[in-house]
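> this one's structure only:
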């Protein structure tokens, strides 16, 4: 894991590609220092993973990140049945080691029953 994680928290505005809220879900796309690709889209919604972030897509370029973000805004408007965490970050690996990251075996989080 890179210690850049702590630097990452301080410079969000310079890393941000896009951020939208759709139906209560925060869709955030940004540059990240601790993943296998330099950009990612993450979603936080009370309807998936108890509101914890789910990394839904990784990108090699900022342009691909912009395009991917726009796709996720559209997808979340349709309230998908599930989100799959594709994260390969160092902080996720650390969370698994210490028991703080709990996910289904396939890293897929289903939308909670009864959610509109």
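Happy to help now that I have it. The structure presented is a predicted model; accordingly, all values stated were derived computationally and were not measured. Numbers count the residues shown, from 1 in each chain.
> tell me the helices in the chain, going along the chain?
In the chain, the segments counted as helices under DSSP state H are 4-10, 12-15, 62-77, 90-97.
> tell me the contacts of the spatially closest residue to residue 51 that is not a sequence neighbour?
Closest residue in space to residue 51, ignoring its immediate chain neighbours: residue 44 at 5.9 Å, by Cβ to Cβ, 6 or more residues apart in numbering. From N, CA and C alone the C-beta is placed, and that goes for glycine too. By Cβ atoms under 8 Å, 6 or more residues apart in numbering, the contact list for residue 44 reads 25-26, 28, 51-54.
> compare the mean pLDDT across the helices of the chain and name the weakest.
Across those, helix 4-10 has the smallest mean pLDDT, namely a mean of 52.
> pick out the residue nearest the middle of the protein.
Residue closest to the mean C-alpha point of the chain, counted by Cα atoms, centre = their mean, is residue 42 at 1.8 Å.
> identify the bridge partners of that one.
residue 28, residue 55 (DSSP bridges).
> from memory residue 60 sits against residue 35, does it?
No - the criterion here is Cβ atoms under 8 Å, and residue 60 misses it with residue 35 at 11.1 Å.
> which of the two has more neighbours?
residue 35 (20 against 11; other Cβ atoms under 10 Å).
> so what pLDDT did that one get?
According to the prediction, residue 35 has pLDDT 84.
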